[in-house]
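Undergrad: got a predicted model here, sequence first, then my questions.
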Amino acid sequence: MGYNKTIMFPRLKINLKAIGENYLTIKRRCEPLGVDVVPVVKVVLGDENIVRVLKSLGARVIGDSRIRNIKNFSNVNVEKMLLRSPMLSEIEEVIEFSDISLNTEIEVIKHLSKVSSRKGRIHKVIVMVEVGELREGVMPEDVLFFVKKIMELSSIEFLGIGTNLTCLSGIIPTKENLGVLLKLKNLIEEHGIEVKVVSGGGSNLLPMIWRGKLPRFINQIRVGEGIFLGVEAINRKPLPGLRQDTFTLEAEVIEVKRKPSLPWGERTVDAFGEVPEFEDRGIRRRAILALGRQDVSLSGIIPLDKFEIIGASSDHMVIDVENCPHIKVGDIVSFKLNYAGVLFAMTSPFVEKVYIEE
């Protein structure tokens, strides 16, 4: 592809059709199991266009970790779930812009109760339980007491319990650690308190769902990677029926020259305090892209042609194009992205976002 003055680069092509198809495939797998799928849109910063597509396909609740992102789709008529425990400094906005939040601190829920009462609203809470990941969560032995305290508060609806696995410590969901939720559900209900929701995890549960092994007591999953990348969150492998052509990053070539592959002169660390290593491969054909670490994570992009990434500063990326003699100045090269790649590209204000349906 050559130069086109009407298009800005770098740009991220967002395939709404592929994203929507992934959501529908997961939803149809979960419906017979009685499992509600909550799309998690934090990797796309709560993009309103994407949220509208998901709502049109049947999503009733949309989740995000940041109130700022939830504000981005405040005009879409869906329930909004705040996935990160609310900060005390944002309680007013939590009540204003979200309907449900995941919680682990009774002091925070007390503040949610006060603001909800003042605003004449009911805020729903899910209590997160620690089952081994050691991120957020109430210890299992404290959950019943914790829930009883919630039941004393006005303007708060106890919705259920949930857990998070794999994201921080890499702990894989199993029948054993998820079973903690079933024991707690039964214990809480023995004390006359209904547990409407058991939110068992996210894309890390998709392998269980595909194999028909998801524990029956789980009735909600919070899914990001499965929808946006078509992979499960344990080994990042594609799942049958899901599409991986959801995002494509494009960048423009601004220099092509034959140069030595080994830098010369006295060396120090690079702009990021690192000491990059280079292999002497002789004179090679190299190109520079108008793309850098302020736009993407190098570990988050995969070339869609036979060129190699050599390195990048904040706004220049150097690639080896010895095996791509067709690449010239003004050409556009493309990359596939993983989760980190999508996250960085969506977050960078210097990356143009373009919506396609293919």
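TA: All right, it came through fine. Numbers count the residues shown, from 1 in each chain.

Undergrad: for the rest of this, base every contact and every neighbour count on C-alpha atoms.
TA: Will do.

Undergrad: tell me where the stretch 101-250 of the chain has helices.
TA: Taking DSSP state H, counting those that start in this stretch to define them, one finds helices in the stretch 101-250 of the chain at 106-119, 143-151, 175-190, 206-211, 225-229.

Undergrad: does the residue in the chain sticking out farthest from the centre count as helix, strand or coil?
TA: The C-alpha centroid of the chain is most remote from Gly265, which lies 42.3 Å away (C-alpha atoms, centre = their mean). For Gly265, the assignment made with DSSP: H, G, I helix; E, B strand; the rest coil gives coil.

Undergrad: ok, the spatially most central residue of the chain - contacts?
TA: Computing the C-alpha centroid of the chain and ranking residues by C-alpha atoms, centre = their mean puts Val43 first, at 3.8 Å. Each residue near Val43 by C-alpha atoms under 8 Å, 6 or more residues apart in numbering is listed here: 224, 339, 342-343, 346.

Undergrad: of those, which is the nearest to Met317?
TA: Minimum distance to Met317 across those is 17.3 Å, recorded for Val342 (C-alpha to C-alpha).

Undergrad: what does the strand or helix carrying that closest one contact?
TA: Here Val342, judged by DSSP states H and E, is contained in helix 339-347. Contacts to helix 339-347, defined as C-alpha under 8 Å, 6+ apart, come from residues 12, 43-45, 225, 229, 247, 249, 295-301, 351, 353.

Undergrad: which of those fall in strands?
TA: Taking DSSP state E as the definition of strands, the contacts of helix 339-347 contribute 12, 247, 249, 301, 353.

Undergrad: just among the residues you listed, which is most surrounded?
TA: Using other C-alpha atoms under 10 Å as the neighbour test, these are led by Leu249, with 27 neighbours.

Undergrad: okay, it: pLDDT?
TA: With respect to pLDDT, Leu249 scores 98.

Undergrad: before we move on, what about the one 10 residues further on?
TA: Reading off the confidence values, Lys259 has pLDDT 97.

Undergrad: give me the neighbour count for it.
TA: Residues lying near Lys259 (other C-alpha under 10 Å) number 13.

Undergrad: pretty sure it is in a helix, no?
TA: No. Using three-state DSSP, the assignment for Lys259 is strand, not a helix.

Undergrad: wouldn't it be in contact with Ile288 here?
TA: No. Lys259 is not in contact with Ile288 according to C-alpha atoms under 8 Å; the separation is 11.9 Å.

Undergrad: if we can go back for a sec, among the contacts of Val43, which one lies nearest to Val78?
TA: Nearest member of the contacts of Val43 to Val78, counting by C-alpha to C-alpha, is Gly224, at 16.9 Å.

Undergrad: isn't the closest one right next to Leu45, touching?
TA: No. In this structure Gly224 lies outside contact range of Leu45 using C-alpha under 8 Å: 11.7 Å.

Undergrad: please identify which of these two sits among more neighbours.
TA: Remark: of Gly224 and Leu45, Gly224 carries more neighbours, 26 against 21, as counted by other C-alpha under 10 Å.

Undergrad: how much space between that one and Ile188?
TA: Gly224 sits 29 Å away from Ile188, taking C-alpha to C-alpha, to the nearest Å as the criterion.

Undergrad: tell me how far Val51 lies from Ile91.
TA: In this view, Val51 and Ile91 are 24 Å apart by C-alpha to C-alpha.

Undergrad: out of these two, which sits in the busier spot?
TA: Shown here are Val51 and Ile91; by other C-alpha under 10 Å, Val51 has more neighbours (23 against 19).

Undergrad: the more buried one: what's it in contact with?
TA: With C-alpha under 8 Å, 6+ apart, Val51 has these contacts: 41, 62, 73, 76.
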